[in-house]
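A.B. asks: got a predicted structure here, sequence first:
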Protein chains: 4
Amino acid sequence: MDLGVSDKVRPLIAQVRAMVETDIAPLDAEFHAEVGKHPSGDRFKHTDRQLEILNKLKALARERGLWNFWLTGSDRGYGLSTVEYAYLAEEMGKVSIAAEVFNCNAPDTGNMEVLERYGTQAHKDRWLGRLLEGEIRSAYVMTEPGIASSDAAQLSFEARRDGDDWVLNGEKWWISGAGDPRCGLYIVMACSDPDAPKHQRHTMFVLDPDTPGIEVLRPMQVFGQDDAPHGHMHLRFTDVRIGADAIVLGEGRGFEVAQGRLGPGRIHHCMRAIGQAEKALELMCTRGLEREAFGKPLVELGANYDIIADARMEIEMARLLCLKAAWMMDTAGVRAAQPWISQIKVVAPLMAGRVIDEAIQMHGAAGISQDFNLAHMWTHVRTLRFADGPDAVHRRQVARAELRKYADQ
Amino acid sequence: MDLGVSDKVRPLIAQVRAMVETDIAPLDAEFHAEVGKHPSGDRFKHTDRQLEILNKLKALARERGLWNFWLTGSDRGYGLSTVEYAYLAEEMGKVSIAAEVFNCNAPDTGNMEVLERYGTQAHKDRWLGRLLEGEIRSAYVMTEPGIASSDAAQLSFEARRDGDDWVLNGEKWWISGAGDPRCGLYIVMACSDPDAPKHQRHTMFVLDPDTPGIEVLRPMQVFGQDDAPHGHMHLRFTDVRIGADAIVLGEGRGFEVAQGRLGPGRIHHCMRAIGQAEKALELMCTRGLEREAFGKPLVELGANYDIIADARMEIEMARLLCLKAAWMMDTAGVRAAQPWISQIKVVAPLMAGRVIDEAIQMHGAAGISQDFNLAHMWTHVRTLRFADGPDAVHRRQVARAELRKYADQ
Amino acid sequence: MDLGVSDKVRPLIAQVRAMVETDIAPLDAEFHAEVGKHPSGDRFKHTDRQLEILNKLKALARERGLWNFWLTGSDRGYGLSTVEYAYLAEEMGKVSIAAEVFNCNAPDTGNMEVLERYGTQAHKDRWLGRLLEGEIRSAYVMTEPGIASSDAAQLSFEARRDGDDWVLNGEKWWISGAGDPRCGLYIVMACSDPDAPKHQRHTMFVLDPDTPGIEVLRPMQVFGQDDAPHGHMHLRFTDVRIGADAIVLGEGRGFEVAQGRLGPGRIHHCMRAIGQAEKALELMCTRGLEREAFGKPLVELGANYDIIADARMEIEMARLLCLKAAWMMDTAGVRAAQPWISQIKVVAPLMAGRVIDEAIQMHGAAGISQDFNLAHMWTHVRTLRFADGPDAVHRRQVARAELRKYADQ
Amino acid sequence: MDLGVSDKVRPLIAQVRAMVETDIAPLDAEFHAEVGKHPSGDRFKHTDRQLEILNKLKALARERGLWNFWLTGSDRGYGLSTVEYAYLAEEMGKVSIAAEVFNCNAPDTGNMEVLERYGTQAHKDRWLGRLLEGEIRSAYVMTEPGIASSDAAQLSFEARRDGDDWVLNGEKWWISGAGDPRCGLYIVMACSDPDAPKHQRHTMFVLDPDTPGIEVLRPMQVFGQDDAPHGHMHLRFTDVRIGADAIVLGEGRGFEVAQGRLGPGRIHHCMRAIGQAEKALELMCTRGLEREAFGKPLVELGANYDIIADARMEIEMARLLCLKAAWMMDTAGVRAAQPWISQIKVVAPLMAGRVIDEAIQMHGAAGISQDFNLAHMWTHVRTLRFADGPDAVHRRQVARAELRKYADQ
């Protein structure tokens, strides 16, 4: 169980880390400061400067060959293992736009995986190439208002067959990336047969965001922020008509596609969350060493040594667990790795949330302000406690896996 | 130690609760939806509708005699005890604009207290009456960038004597309410003699916000939100000249004023935080009863019963501790009550944060969205862990009070 | 809601505290050091010195009129309220034999309550007087091996009618006090009709411990200790024959008796646990002030200030919650007080456990040794997390009470 | 960073696990039940049956070649790495006498390491061989009453030079294993020059336990238990005279020896604690599946799924962290591994304590009784929070290592 840095990935880590620190970090704040400055007043349009920043950085990454690392276990891309990729994802997590710069950002990586694994040749021709090139972006259209997503079998957004076509109706929300004008693909999970057995009710479709009948109702807000121009949109589909060739894998096989998609994505989120926790610990230490009160650096006051030690221990453990889950995926496959993926999915966001919260506290009010990235990091990792399944569902999976050991006896 | 609802306050609680639920809550969302819609595009101007909402509700409160409850232990106002007021403040905490409607909002109550206790007759004539009438609002100008406020003796914003006048120079930030166009008073703590003994270096001044030389640099953001039009402003003072009659209590007595101000204010914050926790628990229960997964209401899944029980227990205990701190203030004075005030200042925001966080989790992604008030409640109570002294400083106070018991022996 | 020290109880607190500190504490260690020194080698026999200590102290308490305080809301005894008694019980909790000295110890108080409320005149004549005088002790015989007591309806120890008599068969364990040679009464819950509705299956009986057919199988150990000579015994009943006059309240009414018994007892346990936490905090502070490392008193190292502050806050809150539960019992009755009793039953032992654990840690290895009472205090409060219902059952009660508020709507 | 099971150790794990389950576990309870049954009444003498059990099992282990695994990185023994040994130690942790059966028990392994690394040839000839053969046992004589061991430089037990000899005076306590009649070696840390620089004040001596002048004052109790016949003894040395050849490594080099000794020992303790946590989780699951309440297995009630899941996640993380610390020791040496050793020293006992505590709660009162090993496991892991340095000291080490990263810049 080699969880360490391989010789292959070591130089890549150095290059990615250097590029994140030197090239991306300085432009990240500028990118975010531009939000809402499009002449039209539309927050969901990039300013010229934003596009310039993104395109310049992406070109630089491609030029340096730092691109599409996420294509693990594949002969395309680098052929990294998930363990190797983990170390890179951690670095990318430290700055918010970094993952996109290396074409390793959610939800695109998961969506590309869907096309690669389950898409038809036509789907690949139309979307996969452009996604791999970073020319378009994409959205995964699953969550519905009014339904507890923890029990996805309840999803009721309708796909009704009409002759050779299918007609989609209903609302979806929290569709991340659907605000981005560059979004060129929706992967939509719809209920095609409510009377079928629980896991055969749904079908996965691929379609263009500008298919007639799709309406953006509003951006959803994350603790008051709309994350423009990426956005988490609330959509309404009204008689959206698509051909049967829009089906991925097969009618009634939506759950199968969704399951295959989620394993790696969950791990990637966790890897980046660990990177954020590392960044937060760094900020906690440097702030605590610089700032003084009562004639001493803050780190020497109160319980701060213990807080720093606990943060270090929690990060170390979460990283090791994440690497083990990655190693299980590499060696035993997604299905066997499931309990470990559930474990890290619970552990990493909670851990990162605690570490970032303590880093905030060490900064005083500055910690929740626009002057540091901590508040944004915190709200982001908080969303991970729902995204791809709430903690409660993952804990249940872990417990069931544990109890099965004894039921078998 | 009567911590219960007195006969005097019982009908007031009922009236305040009813008005919050019936009259204020329905307009609260509308008030917030209007933010940023002023024709000038200036987020720090009220729209006509916002003013209409506020003025109508305030008039209604005055008409009903529900006004200035916070004037505890006084023959002005109701002459409520702090314990009695606590029950009212809890109700006001449940809706964000409610405290202002009853003229019981921070930072005005603390500022009025400063004027009442320490102000000259001229100060009272100029500002106190209008504040008591709810005609103007005010700001308390203390926190500085670059200084750990936990050790307030470090504050270095300069007050330099120049003939009969004083000249103020420096920056202040997180000045809550300084964004509100109705803000008519600044109470400013400044370092008037850096060489004096630690607690005699600072002087408190009162002045008009439009005194020449004061500049609003920017609104500070709380987890990305500017809380417009109230705002938490970053200010720069450049050669702001004021007369010696602007001094409150006396030169070098700024700390004394600050200490006298903080006791009740800290308790009021905690009371409202407890109201928010109650509201969050209510939302947690109703959501958990209504929403289903796996064929059961959410409350019956996983650890939800335990989560609800823990929330109830934590709220009960925090409320009782808050009432005891209030009772100590009523019966033994602010100074003797200090360890209990520090205790509740640590306990209440942490408790409310946990309860709100669990309420969010029960709502899934909706919990962090604009569709519920939970995200806003959470960010608000998070700020209370710094406001009026960070947790670490209050824990230190509690521990020192504890250890003094043995040192005396 | 007066939760304070009344004028009536104030002098009693002072007397009890003084007697605990001056008279009882110095003999407590000696009492325990005598365990196992009976010439017969029988750990469940008192040595002469033990009886001398107990009898002398009890005589002193009676002489001073410090006796049977627990008879709350009664014209016998002091007629204290439960709130008033709480303050006394807290003092008694600080030294292990203190409660018995004042004839306020479990399980006798609960058992006397059963006789008082539900017993026949014959029961009272035979046992109640001698218990009130402290002449005999008693045991409550409920828990069974092989049954999760959290669901008491499962208890299957058999009471079979045979003519006019009843015949008892089965095993009971964790029968506290059944090791004491002075134990003169068993109150036994038995299943008299397994086919009856869930809460009418059981009947409560009173009988002499030396009734033929009762056998002590072994003492149960609490973390390796047998708590001799009090003991927590494992008993076997084989064809134990008793008359119908041994029934308390009525056939099939065992649950009713058990419920009535448990309310006050649970609160008394919590009050004493709070006293233990106070004692532990005192030890934590004095040790931390006296002992040095790295040139400083321990309290000034690491997170110790925070640990002390948290302990103080937790104790304050638990005490207030306990007093509120007591006040509810006094003013609204056991049934209405139930959710608060469940709350404090969860809160107090957990809180006391945490505080004692930190006190242990401040003492280093001495903390778990025979040189301090901390280890014994810890194991005792740990047992309270099962005694009279495990935490999980009480949390469930609290949650159900909370949710009922909304179900009614 | 290969943290997995190597091909070399895989069959050993299987053999050790099988022997622990099949041969040792069934005799463990019998061994403990014999304590105190020596005809002399001396609890610190083995009964014949106890010696028979130990000797038979040790012979079996030797016969199977399962012996002295702890000799890591050595050409004696198996030449296992610390990572490989970790997996074996975990298995040994599951039953209390197992480590001794394989000659891998504390404090002997650490003491053998001292002799091996720092002892003279004469020391080795006299003691090392017999320890490696399991013929004698040994004690490490360091902790003193009246001194906070967290700051070992304070240790004041005196070694005074007298001609060519040294004379030892003072008290030591918590000397584990000094109760065992087979104990044939004391390694004693003594203050030989109180005026020397802090880390050169102490010297390490080796001597026979029956050297004149050594007196056993009493056994220390761990939560009321004396752990006889192993014992944790309180010793007094009165003018104990030994030759200069009793010095290990050199005068004033006691700290050096102590540091070298502690690294591996701390990890071994943690490994075994993880084994205990695994055992506790197994008991928690099997009990929760077998026992019913309210018509369901306990695991399906309340928060039990979450409790099981959290236990699994915590164990996984602690094991990985322990393996990483072991790997650091293997690849970078004890000194470089220090921060990770401190991390796992804090993490593992706390984690195991929580898991065992929850296992206890799932068992109800049975969990703290003699019928399960949980209570004993709990008290044992609780002692680990002081043994080899209290948590606070290790947290401080971790924080300092973290902050040094920034100080270097």
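C.D. replies: Sure thing, it's come through.
A.B. asks: now the helices for chain A?
C.D. replies: A:10-19, A:25-33, A:48-63, A:82-92, A:98-101, A:108-118, A:121-123, A:129-132, A:254-290, A:304-363, A:374-383, A:391-407 (DSSP state H).
A.B. asks: which strands or helices does the longest one pack on?
C.D. replies: Okay, so that is helix A:304-363. Packing partners of helix A:304-363 (3 or more Cβ pairs under 8 Å, 6 or more residues apart in numbering or on different chains; DSSP states H and E): helix A:82-92, helix A:254-290, helix A:374-383, helix A:391-407, helix B:391-407, helix D:304-363, helix D:391-407. No exception for glycine: its C-beta is placed from N, CA and C like everyone else's.
A.B. asks: tell me the gap between it and the middle of its chain.
C.D. replies: In terms of Cα atoms, centre = their mean, to the nearest Å, the centre of helix A:304-363 is found 16 Å from the chain centre.
A.B. asks: could you check the angle it makes with helix B:374-383?
C.D. replies: 120 degrees (axes from the mean of the first three to the mean of the last three Cα atoms, to 10 degrees).
A.B. asks: now the angle from helix A:304-363 to helix D:391-407?
C.D. replies: Going by the same axes, to 10 degrees, helix A:304-363 makes 50 degrees with helix D:391-407.
A.B. asks: same thing with the last one?
C.D. replies: Angle of helix A:391-407 versus helix D:391-407, following the same axes, to 10 degrees, is 130 degrees.
A.B. asks: please name the residues that touch A:Ser369.
C.D. replies: A:375, B:220-222 (Cβ atoms under 8 Å, 6 or more residues apart in numbering or on different chains).
A.B. asks: ok, 6 Å please
C.D. replies: Residues in contact with A:Ser369 (Cβ atoms under 6 Å, 6 or more residues apart in numbering or on different chains) are B:220-221.
A.B. asks: burial count for the residue in the stretch 51-200 of chain A that chain C sits nearest to?
C.D. replies: Nearest residue of the stretch 51-200 of chain A to chain C, counting by Cβ to the nearest Cβ: A:Ala148, 17.6 Å away. Using other Cβ atoms under 10 Å in any protein chain shown, A:Ala148 has 22 neighbouring residues.
A.B. asks: over to it: give its phi and psi.
C.D. replies: A:Ala148 has phi and psi values of phi -70, psi 110 when expressed as degrees, to the nearest 10.
A.B. asks: that one contacts B:Phe294, doesn't it?
C.D. replies: No: judged on Cβ atoms under 6 Å, A:Ala148 makes no contact with B:Phe294 at a distance of 8.9 Å.
A.B. asks: and of the helices of chain A, who's closest to B:Ile53?
C.D. replies: helix A:374-383 (28.5 Å; Cβ to Cβ).
A.B. asks: so the closest one, near chain B or not?
C.D. replies: Yes: against chain B, helix A:374-383 shows contacts by Cβ under 6 Å from any Cβ of the partner chain at A:Ala375.
A.B. asks: export only the CA atoms of that helix, formatted as CSV.
C.D. replies: Below are the C-alpha coordinates for helix A:374-383, written out as CSV (Å, rounded to 0.1, in the frame of the first residue of the first chain):
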residue,chain,number,x,y,z
LEU,A,374,-10.7,31.9,4.6
ALA,A,375,-14.4,32.8,4.6
HIS,A,376,-14.7,31.7,1.0
MET,A,377,-12.8,28.5,1.8
TRP,A,378,-15.1,27.9,4.8
THR,A,379,-18.4,28.3,2.8
HIS,A,380,-17.0,26.0,0.1
VAL,A,381,-16.1,23.1,2.4
ARG,A,382,-19.4,23.6,4.2
THR,A,383,-21.2,22.8,0.9
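A.B. asks: turn the helices of chain A into JSON lines, columns for mean neighbour count and mean pLDDT.
C.D. replies: As requested, the helices of chain A are exported to JSON lines (neighbours: other Cβ atoms under 10 Å in any protein chain shown; pLDDT from 0 to 100):
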{"stretch": "helix A:10-19", "mean neighbour count": "16", "mean pLDDT": "97"}
{"stretch": "helix A:25-33", "mean neighbour count": "16", "mean pLDDT": "93"}
{"stretch": "helix A:48-63", "mean neighbour count": "16", "mean pLDDT": "96"}
{"stretch": "helix A:82-92", "mean neighbour count": "26", "mean pLDDT": "96"}
{"stretch": "helix A:98-101", "mean neighbour count": "25", "mean pLDDT": "96"}
{"stretch": "helix A:108-118", "mean neighbour count": "22", "mean pLDDT": "93"}
{"stretch": "helix A:121-123", "mean neighbour count": "13", "mean pLDDT": "96"}
{"stretch": "helix A:129-132", "mean neighbour count": "17", "mean pLDDT": "95"}
{"stretch": "helix A:254-290", "mean neighbour count": "23", "mean pLDDT": "92"}
{"stretch": "helix A:304-363", "mean neighbour count": "24", "mean pLDDT": "96"}
{"stretch": "helix A:374-383", "mean neighbour count": "24", "mean pLDDT": "95"}
{"stretch": "helix A:391-407", "mean neighbour count": "19", "mean pLDDT": "94"}
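A.B. asks: nearest residue to the closest residue to chain B within the stretch 251-400 of chain A in space, please, no chain neighbours.
C.D. replies: Using Cβ to the nearest Cβ, the single residue of the stretch 251-400 of chain A nearest to chain B is A:Ala293, 3.7 Å away. Sequence neighbours aside, B:Asp151 is the residue nearest to A:Ala293 in space, at 3.7 Å (criterion: Cβ to Cβ, 6 or more residues apart in numbering or on different chains).
A.B. asks: how much space separates that neighbour from A:Trp127?
C.D. replies: To A:Trp127, B:Asp151 is 58 Å away according to Cβ to Cβ, to the nearest Å.
A.B. asks: name the residue in the two with the higher neighbour count.
C.D. replies: Per other Cβ under 10 Å, whichever of B:Asp151 and A:Trp127 has more neighbours is A:Trp127, with 22 against 18.
A.B. asks: for A:Glu171, which residues count as its bridge partners?
C.D. replies: Beta-bridge partners for A:Glu171, by DSSP bridges, are A:Arg236.
A.B. asks: returning to what we had before: would you format the helices of chain A as a markdown table with distance to D:Ala359 included?
C.D. replies: Formatted as a markdown table, the helices of chain A follow (distance: least, Cβ to Cβ, whole Å):
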| stretch | distance to D:Ala359 |
| --- | --- |
| helix A:10-19 | 41 |
| helix A:25-33 | 47 |
| helix A:48-63 | 50 |
| helix A:82-92 | 33 |
| helix A:98-101 | 41 |
| helix A:108-118 | 38 |
| helix A:121-123 | 51 |
| helix A:129-132 | 49 |
| helix A:254-290 | 28 |
| helix A:304-363 | 19 |
| helix A:374-383 | 31 |
| helix A:391-407 | 13 |
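A.B. asks: hmm, back to that, my read is that the residue of the stretch 251-400 of chain A closest to chain B contacts B:Ala153, right?
C.D. replies: No: with contacts counted by Cβ under 6 Å, A:Ala293 stays clear of B:Ala153, the gap being 9.2 Å.
A.B. asks: compare the two (neighbour count), which wins?
C.D. replies: A:Ala293 (22 against 17).
A.B. asks: contact residues of chain A facing chain D?
C.D. replies: Listed as neighbours of chain D in chain A under the rule Cβ under 6 Å from any Cβ: A:1-4, A:285-286, A:289, A:305-306, A:308-309, A:312-313, A:316-317, A:320-321, A:343, A:347, A:395-396, A:398-399, A:402-403, A:406.
A.B. asks: from A:Arg76, how far off is the residue nearest the centre of chain A?
C.D. replies: Residue closest to the mean C-alpha point of chain A, counted by Cα atoms, centre = their mean, is A:Ala106 at 4.0 Å. As judged by Cβ to Cβ, A:Ala106 and A:Arg76 stand 19 Å apart.
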